[in-house]
Each structure stands twice: as structure tokens, then as C-alpha cells.
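whatever this is, show me its structure:
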Amino acid sequence: MSLKSINRFFFCCSICIFYLQGIIVFARDSLIIDQIYAVVGDEIVLKSDIEKQFEQYRFQGVKEPEELLKCNIFREFLVQKMLVNQAELDSVTVSEAQVNVQLDQRINYMIESLGSAENLVRYFRKSIAELKDELRPQMYEQLVTQKMQSDITGAISVTPSDVRNYYQSLPDDSIPFIETYYQVNQIVLYPPFTEQAIYDVKDKLLLLRKRILEGEKFSTLAVLYSEDASAQQGGEIGFMARGELAPQYAEAAFKLKEGGISTIVETEFGFHIIQLIERRENKVNTRHILMRPRYSSSELLRLRTKLDSIAGLIRTNDTLSFEEAARIFSQDDDTRQNGGLMINFDAGTSKFGLDDFTPFDGYEVRRLKQGEISQPFEAKDKNGRTVFKIIQLKQKSEGHKANLKDDYDMLKKFAEQYKRQIVLNEWIAKKQKTTFIQIRGDAPACQFLKTENWIKAE
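Just a heads-up that it's a prediction; the model follows:
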């Protein structure tokens, strides 16, 4: 198969992965007159499968021409059904527990997207249980497909020579462009809470709790007083398991009866009162009011002065690097042991684009040259707490076409994907010879059906 064909298959495979990650559309208001487009072994591809996925991609902003996009979707359904059919023959299965875990994640994602469980039920005009029953066969098929793909391609690895050959085989216009990225070290200090500040917050929360117990709506007071992002939803944070909540929050929430109000709970985020809305199996849906103590201006000035002194020591002392100073002085547990190196948790790397930084950090990074240290500035940590920090621009890499020297790890991943796709393509070609495949006359007349032997050439 040519490089162009494999790259085209890559695009189609990405559509399949997108589908398998669970982007599913439900028909709410109209009855789709269905047709069978294809039969692969004992599996079928329906017209509704193609149409629903097409609608989802349009909603996601995919601009591919309609005919081409539907053909790409059709191809990936054929591949999926072949994998599912072979899984049945090979007795490859997944457990009910695995399916249930994925179903819970899917439902939680849908609840989060629509704002609440009530909105989900109202939108689809089905109960949560009915939605799960509808999703269960698709979820099982998804997990079986993933397991089959892993069995077929799981042992793939690449050598440096493979990576180099892959890179050299890419047409010039197919070499990825790497955006400008930054690597940044930080030293973070937290202002301590005074006893009076803690007392004031607890006093306010006790008064709010009293008002709720006397009949005022928790959700209304959350909108007015909570300092959490959930305030606009009346403090509701949706269904979560113990492991998804701060330990102290989870302990309090799981002890409550539905409608019950907790006493004051302290977590790394601040101080809360919590109401249990609903318990469902091993998850709870809660709302809360979060408040944080205030810092005195004298304490904030003290932190600025301390960070100024630390920066001065680094600039004037050849034996004290920024990394060593971070290990000694920084109070940020996520970065201190790594010499203050900031982690882009969304990407799983230490590399940031400018848009990846918080506004506080991004403003300072723009002003620095490589190796420079910022002035102390106020920011927020991942939990929304006020911090003071200094940062050092460790490295700035200008935008460029990917190359083996600077971007080897990324190119290695691409080379592995490329090799896996070749193995999968070969497996598909082999199975096409021994699997019953029928493409119905009403199916889209896509070119790949003949070029990739889904329909035998006459």
C-alpha cells in the first residue's frame, strides 16, 4: 500500500477513534427509516449509523465535503464490524464491570455537557436507566473493538532507524509544523491564613448553614456566596465517585442522607458546607458553598519581598540555580522536586503554548527572554488558591517544521502509529478473503470499496 493510501487510512482511523471515544448522537424528535448498507460476517452497518455520525461531525465543525466524510465514516464502520465479528469468532469479550465503568463515564460526560442530570433526561426524553440500556450494546462493541486492535497491533515497537525512515518518507507538505512552545520553572509561595481569617470564614459559613436549615434554598445562597466555579449552577458539581473528590469532601458527602447538610469541611480548596442531592450506587451528586480566608496586605507584601530576595540570590550567586532554589524554597508539591518545572497537565508534557498558560503566567512569560527570571507576581494555583510566584523562562522553541533532533519523541509516536496501521491494514486484507462481506446497492458508492477490496473487482 502506498504512503498516500496509508496516510488517507490514518485520517479515516482518526474518525474511527473519535467515534470509539463515545461521541454518539441520539435521534430525539424524528423516526429514521433505516436501511442495511453492509453485512460483515454476522455484523451489519446501518444507514442510521452513518447519518448519526455525520451529524455529530458537522456539529463538531468538521468541514470535509459531505460525500467524502460519509465515505470515511462508512469505511471505519466496516473495519469496526470486521473486528467485532472476529472477536466473536475468537471468543474475545470484555466484562460487564468494564462496560459499566465506561457507561458511567459516558453518562457523566453527557450530564456535564448539558449542565445537570435533569437536563439530560429532559433533552433525550429518557431516564438515565433507559439511556444506559440504549448505550450498553454500543459500549460493549467499542470495548471489544479496542481489545481486538490491541491484540493485533499491541506488540509493535520501532527502532531509531524506523523513526528516521518514517520521517524521511514524509512528503514535505506532510511534515507536522510544531508551534512555538515554552518550558518554564517556578517558585511558589502560599500566603498563610491567620487565625482571625479562618474564624471569619467559618462564622460566615455557619450563618449560611443556619439560614438553609431555616428554609432558605441552598442553591440560591451558593449563587450569591460560593467562591467556586460551580456557583452559577447553584453549587452543584454532578455525580462523582470517592476518588474524584477531595478526601475530606468525599468522607462528609458519603455520610449524608439525601437533602442533608454537612458541618464545615476543610479541604485543599478552602472551607465548604455540602448538601447531598442524590446517591446513585457508588457515586453522589452534591452541591456546596466554598469560601476561602482572606489574606492581609502585610502578609502579601512579606511574600513579595521574600520572592524578591530569592530571585536576587539566584541572579548574583553562581552556585545557586533556579532549580536548586525551587527545591529549597517552593511550596508547590507538583513542581518542587522537579526543580520547579511546570507541567502542562492537559498535554502530559512540560511544553506549553502561550494559550496553555493561565492569564497570570502567560502575561509574565511573554515579557521574558530565555533564562530570565520574572518579578514576583500574584496568581492562582490549580485549586483556585492565591499564590505568589516567580518564574524563569527555561526554554523557548520557535515554531518550526518537525525534525529528528528537536522532535524525536513525537515523531517516534507517529512512526509507531504508522507501523500499527500497516499491520492492521494487512490483517484487514487477509480477513477480507475469508469473511463474508456484502455491500448493499443502497450503500454510498465510495471509491475505497473497490480499491481496498471490500467489493471484489470485476
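
now do the domain split for the chain, please.
3-174+404-451, 180-193+295-398, 199-290 (automatic domain parsing).

worst mean pLDDT among the ones you listed?
Mean pLDDT per stretch puts domain 3-174+404-451 lowest among these, at a mean of 82.

centre of the chain to it, how far?
Taking C-alpha atoms, centre = their mean, to the nearest Å, the mean C-alpha location of domain 3-174+404-451 is offset from the chain mean by 18 Å.

re the thing from before, now the domains of the chain as TSV including mean neighbour count?
The C-beta positions use only the backbone N, C-alpha and C, and glycine is treated the same way. Putting the domains of the chain into TSV (neighbours: other C-beta atoms under 10 Å) gives the following:
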stretch	mean neighbour count
domain 3-174+404-451	15
domain 180-193+295-398	16
domain 199-290	17
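
so how far is the host helix or strand of Tyr199 off the chain centroid?
Per DSSP states H and E, Tyr199 falls inside helix 195-213. Taking C-alpha atoms, centre = their mean, one finds the center of helix 195-213 at 36 Å from the center of the full chain.

what sits up against the helix or strand just after it?
Sequence order places helix 218-225 as the next helix or strand after helix 195-213, per DSSP H and E. Applying C-beta atoms under 8 Å, 6 or more residues apart in numbering, the contact partners of helix 218-225 are 204, 208, 211-212, 230-232, 234-236, 261, 275, 287-289, 291.

now stretch 341-352
So stretch 341-352 is in contact with 181-186, 323, 334-335, 356, 361, 365, 382, 391, 394, 397, going by C-beta under 8 Å, 6+ apart.

how about stretch 442-452?
Counting by C-beta under 8 Å, 6+ apart, residues outside stretch 442-452 touching it are 35, 37-38, 45, 47, 50, 67, 70-71, 74-75, 428, 439, 454-455, 457.

what about 7 Å?
Stretch 442-452 is contacted by residues 35, 37-38, 70-71, 74-75, 439, 455, 457 when judged by C-beta atoms under 7 Å, 6 or more residues apart in numbering.

of all those residues, which comes closest to Asp318?
Nearest to Asp318 out of the contacts of stretch 442-452 is Arg75 (C-beta to C-beta; 61.4 Å).

picking up where we left off before, among the contacts of stretch 442-452, which ones are in helices?
70-71, 74-75 (DSSP state H).

and which of these is nearest Ser226?
Nearest member of these to Ser226, counting by C-beta to C-beta, is Lys70, at 46.4 Å.

what about that closest one, distance to Lys81?
To Lys81, Lys70 is 16 Å away according to C-beta to C-beta, to the nearest Å.

just Ser91 next, same as before
If you go by C-beta to C-beta, the gap between Ser91 and Lys81 works out to 18 Å.

show me where the chain has strands.
36-40, 43-46, 177-178, 181-189, 236-241, 265-267, 270-280, 283-291, 377-380, 386-397, 400-401, 437-439 (DSSP state E).

ok, which of these comes nearest Gly340?
The nearest among the strands of the chain, by C-beta to C-beta, is strand 181-189 at 3.9 Å.

from the centroid of the protein, which residue is nearest?
Asp346 (6.9 Å; C-alpha atoms, centre = their mean).

and that one, its phi and psi?
Torsion angles at Asp346 (phi, psi; degrees, to the nearest 10) stand at phi -60, psi -40.

gap between it and Glu112?
Taking C-beta to C-beta, one finds Asp346 at 16 Å from Glu112.

ok, now Ser350?
Separation of Ser350 from Glu112 (C-beta to C-beta): 28 Å.

Gln168 too?
The gap separating Gln168 from Glu112 is 44 Å, by C-beta to C-beta.

can you check Phe357 too?
Using C-beta to C-beta, Phe357 is found at 24 Å from Glu112.

repeat that for Ala429.
In terms of C-beta to C-beta, Ala429 sits 41 Å off from Glu112.

and if you look at Ala347?
21 Å.

before we move on, what about Val62?
In terms of C-beta to C-beta, Val62 sits 22 Å off from Glu112.

excluding chain neighbours, what is closest to Lys306?
Nearest residue to Lys306 in three dimensions, chain neighbours excluded: Leu189, at 6.6 Å (C-beta to C-beta, 6 or more residues apart in numbering).

just Asp407 next, same as before
The shortest distance from Asp407 to any non-neighbouring residue, by C-beta to C-beta, 6+ apart, is to Ile178 (5.9 Å).

where does the closest residue to Lys401 other than its chain neighbours land on pLDDT?
Among residues not flanking Lys401 along the chain, Ile175 sits closest, at 5.0 Å (C-beta to C-beta, 6+ apart). For Ile175, the model assigns a pLDDT of 93.
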